[in-house]
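Student: Just to be clear, the model below is a prediction. Sequence and coordinates:
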Amino acid sequence: MSHELDQLIRNYTIKHDRKIKTICDPLQTYLGISTFAYYSIEDNGSFVIISNFPEQLDFFYSSHLYLNCPYLVHPSLFRSGYALIPLADDQEKVNLSRKLYGIDHFLLMLFRVGNKIEGFFFNAKNPNDQFIDRLDLLSKFVNLKGSYSQYER
């Protein structure tokens, strides 16, 4: 992993690990969602990512999965929406992540806000947790309050 990316993860995720886990605790308690990540990319190249699972972020970046991630490109290529996405195109790395962390897919909530894109990733390690049909609760968690009028479609 590059030094700059390592610093980014340390400054925004590891440094605030306790606060992030406290904020994310209701996801685990009420919806069985064990993994949460937020990222934003602005059209000027500014990038932020935080997660309640820095070990998985480290895996994602040290395995170079970000190089082929279609959700880490220029924000002008996106529109708001939801998708159930695999961790990566590389099935071997998906299998390794499943074995190490119990993660192979994410529910992605993507929102275009002005000149940036914001993404919210959710994962439940227990495949019996049906959190996808609870988008209304996840929307409230990301502070959308069920109103998408502020986002471009």
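Tutor: Okay, I see it.

Student: Can you name every helix or strand that the longest helix seen in the chain contacts?
Tutor: Ranked by residue count under DSSP state H, the longest helix found in the chain is helix 17-31. In this structure, helix 17-31 packs against helix 135-141, with contacts taken as 3 or more C-beta pairs under 8 Å, 6 or more residues apart in numbering; DSSP states H and E. Yep, even glycine has a C-beta here, placed from its N, CA and C like the rest.

Student: Could you list the paired strands of the next helix or strand after the longest helix of the chain along with their orientation?
Tutor: Note on helix 17-31: by DSSP states H and E, the next helix or strand toward the C-terminus is strand 35-42. Strand partners for strand 35-42, identified by DSSP bridges, are recorded as strand 47-51 (antiparallel), strand 116-123 (antiparallel).

Student: Low-confidence ranges, this structure, go.
Tutor: For the chain, the stretches with pLDDT under 70 are 1-16, 125-132, 144-153.

Student: export the strands paired with strand 35-42 to a markdown table and tack on distance to Lys21?
Tutor: Formatted as a markdown table, the strands paired with strand 35-42 follow (distance: least, C-beta to C-beta, whole Å):
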| stretch | distance to Lys21 |
| --- | --- |
| strand 47-51 | 10 |
| strand 116-123 | 15 |
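
Student: Could you single out the most deeply buried of the ones you listed?
Tutor: For the strands paired with strand 35-42, the largest average neighbour count (mean count of other C-beta atoms under 10 Å) is found in strand 116-123, namely a mean of 21.
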